[in-house]
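> Pasting the sequence and the predicted coordinates here, then a few questions.
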Amino acid sequence: MSAPRVVSVAAGSPAHRAGVRAGDELVSVGGAVPRDVIEYRLLVDEADPELEVRRGHEHLTVQLTKEAGAVPGIAVSSAVFDRVRTCDNHCEFCFIYQLPKGMRRSLYLKDDDYRLSFLYGNFTTLTRFTELDLERVLTERLSPLFVSIHSTDPALRARMLRNPRGATSLRWMRALLDGGIEVHGQVVVCPGVNDDDALDTTLAGILDEYPDLATAAVVPLGVSDHTTEAAMRPHTPAEAEAVLDTVQQWQQRCLGALGRRLVYAADEYFLLAGRPFPEAAAYDGFPQHENGIGMARAFERAFHGEPSEADGVRPGFFAWVDGAPAAGYRAPRAGAGASPAGDVPPGAPVAILTGEYGAAVLAPLLADRLGAPALGRPALRLVAVRNRFFGGNIAVTGLLTGRDLARELASQPPGHRYLLPDVCLSEGRFLDGTTVADLPRPVEVIPTDGASLRRALEVLPGPANAGTARRAAPVAVSLQGRR
């Protein structure tokens, strides 16, 4: 077990007054060794906690003076201090198996840890869940949790996970629900595997066996060019329509039986099928907004200044690794920057860099602004960046890399104002390890939410705006779920 490292200390905080420094390692708190940030927070929440600190070769005892519940003012380096519980499934649709070589090592870690589910919204299959885990979740009320269902047919689920425990591990979901834990489910639909009648059976099983499930998201399979599974392929438009029809039928049944829709289809299905998105009210408060459910409608509402219940999301598929804050996936990220480049002249055209799905969402939203300059507004265009790094059907903004952005920007004219959504970045880096400083054009990094885009478009370009990085809690229009 590695000790959590202090990355920052808030000025004037109890930790600052006690002499805690960035770089210190917290060996114990109140005599106990925390396994993760959850236990750490419980320990430092006490009045006047005593810290055992390792500073270089020194071991120090530091006494904090604070009331119970007061914030100590320490930010730590990670969420899990012991070994992350890795996944022992071998799902043929797993996106981690579809990554190209040469990326950062941490991106290849395949977790199945309920703590990361609680902290970051990662989906867990529960195949490594135990009685002790259940006891801790219920005792500490670690809620909500997110569970990968995929199928309620035990044999099919075990086959999809390539793990015999997949046939029985949903019993833990039943135990969690019985214990009053809020649980959200997910079904990744693989064409020819768990679609059609199998999907119908799964949704019937959810309503019959898990009616107290908070929500169930139905999301499409993502297939990169690097998959080695011949049976895995993207949905056709007709298959996307069939999934939407099935989900809508079960929404009506759930409305009749439970008074709520319970099951929701990802935005990607509507884009694939060429169907309009449901109205905002059909998402019942956007409970799985962060999984690409109603993200387009929530973005639209925010862009028009309308109130929206969707107020914070995980910023992309790899949200918990390399730079994810210990505060969890709803916390603001830091580290995005702008490439060092020259001034943007007043009245310069504006280009929004986005993924292909993002462009499909933004085009109708900005239809009256796109094209030639209007009175008081510069020319505006969308630059849909094709994801060649992953390839396949990966078209979400959150998985764009610096390499693909650089290729596209190299063909774009200089002197324009380029807006880049921060959902592409974690700690200032793209997934391929590059940064905005590596891009061939200056970019302005803005939060990925509708209100921030509207504000950015209302600012006239000029020298003061060139290369500016704006920071706020991201609301991802990546349409990328927790696969």
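Everything's here; your move.
> Just the helices from the chain, written as ranges.
Secondary structure of the chain (DSSP state H): helices at 14-18, 37-44, 114-120, 131-140, 154-161, 170-178, 196-209, 237-258, 267-273, 295-303, 356-365, 402-410, 450-458.
> Against which helices or strands is the shortest one packed?
This points to helix 14-18. Using 3 or more C-beta pairs under 8 Å, 6 or more residues apart in numbering; DSSP states H and E as the contact test, the elements touching helix 14-18 are strand 6-9. In short, each C-beta sits where N, CA and C put it, glycine included.
> Can I get the strand it packs on in PDB, CA atoms only?
What follows is strand 6-9, C-alpha atoms only, in PDB (Å, rounded to 0.1, in the frame of the first residue of the first chain):
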ATOM      1  CA  VAL A   6      -0.100  15.800  -0.500                       C
ATOM      2  CA  VAL A   7      -0.300  17.700  -3.800                       C
ATOM      3  CA  SER A   8      -1.400  21.100  -2.300                       C
ATOM      4  CA  VAL A   9      -2.300  22.700   1.000                       C
END
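> contacts for that strand?
Defining contact as C-beta atoms under 8 Å, 6 or more residues apart in numbering, one finds that strand 6-9 is touched by 15-16, 20-26, 73-77.
> Might you calculate how far that strand sits from the centre of the chain?
Counting by C-alpha atoms, centre = their mean, to the nearest Å, strand 6-9 is centred 24 Å from the centre of its parent chain.
> Same question for stretch 207-215.
Mean-position distance between stretch 207-215 and its chain equals 24 Å (C-alpha atoms, centre = their mean).
> Show the end-to-end separation of it, please.
11 Å (C-alpha to C-alpha, to the nearest Å).
> So which bits of it are buried?
Neighbour counts over stretch 207-215 (16 or more other C-beta atoms under 10 Å) mark 207, 210, 213-215 as buried.
> Rounded mean pLDDT for that stretch, please.
Averaging the model's pLDDT scores along stretch 207-215 yields 97.
> Out of the buried residues of stretch 207-215, which is nearest to Leu142?
Distances from Leu142 to these, taken as C-beta to C-beta, are shortest for Ala214 (14.4 Å).
> quick one, what contacts Ala372?
So Ala372 contacts Ala379 (C-beta under 8 Å, 6+ apart).
> for Ala257, same thing?
With contacts defined as C-beta under 8 Å, 6+ apart, the neighbours of Ala257 are 207, 211.
> go again using 7 Å as the cut-off
Leu207 (C-beta atoms under 7 Å, 6 or more residues apart in numbering).
> now Ala351
381, 383, 412, 416, 418.
> Write the PyMOL selection for whichever of the residues you listed are buried.
Typed into PyMOL, the next command selects the buried ones out of the contacts of Ala351 (criterion: 16+ other C-beta under 10 Å):
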select buried, resi 383+416+418
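> and the contacts of Ala351 as CSV, adding pLDDT?
Rendered in CSV, the data for the contacts of Ala351 read as follows (pLDDT from 0 to 100):
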residue, pLDDT
Arg381, 94
Val383, 97
Gln412, 96
His416, 95
Tyr418, 96
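> Present the contacts of Ala351 as TSV; the columns should include distance to Pro4.
Rendered in TSV, the data for the contacts of Ala351 read as follows (distance: C-beta to C-beta, whole Å):
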residue	distance to Pro4
Arg381	46
Val383	41
Gln412	43
His416	44
Tyr418	38
